[in-house]
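K.L.:
Sequence first, predicted model second:
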Amino acid sequence: MTSSFERVYGALIGQAVGDALGAPTEGLTRAQIVERYGWVSDFVDDDPAGTDDTEYAVLTARVLLAHGTGLTPEQVGAAWTENLVNQVGGFFGGGFSEMTAINNLRAGLTPPVTGSDNHEMWSDGAAMRIAPVGILCAGDPAEAARLAAIEAQVSHAKDGIRCAQVVAAGVAAAMTAASWEDVVQAALAAVPADSWTGRTVRRAVDIGSSHTELPAALDELYERISIFHYPFADVGPEATALAMGVFTAARGEYVPAVLGGTNIGRDADTIAAMAGSMAGALHGSDAVPEPWRRRINVVRGHCIASTAGTDLAELARELHAALTAKEVAA
């Protein structure tokens with residue numbers, strides 16, 4: 001096997017823990033985090049939980065388990081219709097890009113129009129959920145980027161898709177890589193260097209590489225990558241670049257990567273989730289402290305009702321079985 005169960009579970013639980021760690025600091029500035037917490041080194045809530053980031057990743061995993069790498073945009077749209085359009089009640093914490101896509105599906109549109117006719121087509125909503133694509137494409141970042149584009153177009157277009165490709169390729173590389181540098185190079189290779197995403201991610205990686213102290217890296221990343229003139233912090237190229245910069249500054253180590261994402265502010269839950277998925281895939285689930293794994297392993301379903309009660313370890317076993325079958329067939 002090129003990919004152990006521990007790496008599969010590491011990518012899933014690594015993302016979910018990062019999401020839960022970063023949720024309380026989402027939307028805060030670096031200065032506000034320092035003033036309020038000093039340095040966040042653990043859950044700050046008594047009852048921590050993941051956000052829509054984790055729940056959409058669960059939905060992506062289930063779609064992949066149903067359809068494999070032959071996934072089509074129509075199948076993604078059908079799954080979203082079943083699980084989201086038909087959901088009774090609201091979507092607690094749901095992102096703008098996803099809510100617009102749901103409304104487009106409800107109006108009878110289909111992918112890719114549901115993603116291209118979307119005022120937040122460039123958000124980080126696709127990148128935040130795409131780690132399962134990287135898992136199923138372990139060791140093949142190019143295939144992960146291809147499949148990510150298919151999954152993402154239900155809600156995104158252009159750089160929103162490119163950001164998903166960066167994270168999917170990074171996770172795919174991390175599933176078999178021996179070094180964090182290999183992960184970064186695979187992520188960078190997944191998008192055109194002269195694209196908005198490519199330029200921003202490369203700049204963030206350069207910043208992360210230039211620092212040996214994580215807090216100093218966060219300060220420079222925050223000042224040089226953040227798009228302060230836009231009213232929301234969910235811009236895909238920004239959040240994805242910050243995640244890659246944090247991952248680089250942490251040299252791919254899990255705990256520094258997710259704490260870096262948590263302490264940088266902006267869209268902290270998504271930044272920590274993306275960095276955590278790559279670091280978790282690279283080092284395996286044992287790199288995620290056991291108390292963190294235990295508290296976050298079962299999904300709440302606050303945003304997507306159908307994900308409530310999902311056991312991430314069990315979901316990882318299903319993905320691992322699918323990956324094993326894929327490798328045997330190859």
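P.N.:
Everything's here; your move.

K.L.:
how far away is Gly170 from Gln15?
P.N.:
Distance, Gly170 to Gln15, by C-beta to C-beta, to the nearest Å: 12 Å. Using the backbone N, CA and C atoms, a C-beta is placed for each residue, glycine as well.

K.L.:
Strands along the chain, start to end?
P.N.:
Assigned by DSSP state E, the chain shows no strands.

K.L.:
Need the residue closest to the centroid of it.
P.N.:
The chain has Met128 as the residue nearest its centroid, 3.0 Å off, counting by C-alpha atoms, centre = their mean.

K.L.:
Quickly note the distance from that residue to Glu151.
P.N.:
Distance, Met128 to Glu151, by C-beta to C-beta: 12 Å.

K.L.:
I figured Ala11 hits Thr176, correct?
P.N.:
No - counting by C-beta atoms under 8 Å, Ala11 stays clear of Thr176, with 11.9 Å between them.

K.L.:
what distance separates stretch 146-165 from the middle of the whole chain?
P.N.:
The chain centre lies 12 Å from the centre of stretch 146-165; the measure is C-alpha atoms, centre = their mean, to the nearest Å.

K.L.:
List the buried residues for it?
P.N.:
Within stretch 146-165, the residues that qualify as buried are 146-157, 159-165, counting by 16 or more other C-beta atoms under 10 Å.

K.L.:
can you check stretch 232-246 too?
P.N.:
Neighbour-count burial for stretch 232-246 [16+ other C-beta under 10 Å]: 233-246.

K.L.:
so of those, which ones are in helices?
P.N.:
Counting by DSSP state H, the buried residues of stretch 232-246 place 236-246 in helices.

K.L.:
closest to Pro291 among these?
P.N.:
Distance to Pro291 across these (C-beta to C-beta) is lowest for Val246, with 22.0 Å.

K.L.:
Any figure for the gap between the closest one and Val255?
P.N.:
12 Å.

K.L.:
Render the CA-only coordinates of the helix or strand of the chain with the lowest mean pLDDT in CSV, please.
P.N.:
Here the helix or strand of the chain ranked lowest by mean pLDDT, DSSP states H and E is helix 312-329, holding a mean of 94. Taking C-alpha atoms only, helix 312-329 is exported to CSV below (Å, rounded to 0.1, in the frame of the first residue of the first chain):
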residue,chain,number,x,y,z
LEU,A,312,-14.6,10.5,10.9
ALA,A,313,-12.6,7.4,11.8
GLU,A,314,-15.2,5.2,10.2
LEU,A,315,-15.4,7.5,7.2
ALA,A,316,-11.6,7.2,6.9
ARG,A,317,-11.9,3.4,6.9
GLU,A,318,-14.4,3.6,4.0
LEU,A,319,-12.1,6.0,2.1
HIS,A,320,-9.1,3.8,2.8
ALA,A,321,-11.0,0.7,1.5
ALA,A,322,-11.9,2.6,-1.7
LEU,A,323,-8.3,3.7,-2.1
THR,A,324,-7.1,0.2,-1.6
ALA,A,325,-9.5,-1.2,-4.2
LYS,A,326,-8.5,1.5,-6.6
GLU,A,327,-4.8,0.7,-6.2
VAL,A,328,-5.4,-3.0,-6.6
ALA,A,329,-7.4,-2.5,-9.8
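
K.L.:
Which strands or helices does it pack on?
P.N.:
Contact analysis of helix 312-329 by 3 or more C-beta pairs under 8 Å, 6 or more residues apart in numbering; DSSP states H and E lists helix 5-22, helix 52-67, helix 131-136 as its packing neighbours.

K.L.:
Of these, flag the one that's most buried.
P.N.:
Mean neighbour count, computed with mean count of other C-beta atoms under 10 Å, is highest for helix 131-136 among the helices and strands packed on helix 312-329, reaching a mean of 31.

K.L.:
can I assume Thr200 is in contact with Glu238?
P.N.:
Yes - with contacts counted by C-beta under 8 Å, Thr200 reaches Glu238, the gap being 6.8 Å.

K.L.:
what touches both of these two?
P.N.:
Ile225 (C-beta atoms under 8 Å, 6 or more residues apart in numbering).

K.L.:
What residues sit buried inside stretch 296-314?
P.N.:
Those would be 296-307, 310, 312, for stretch 296-314 by 16+ other C-beta under 10 Å.

K.L.:
do stretch 310-327 as well
P.N.:
Result for stretch 310-327 [16+ other C-beta under 10 Å]: buried residues 310, 312, 315-316, 319-320, 322-323.

K.L.:
Thank you kindly, that will do.
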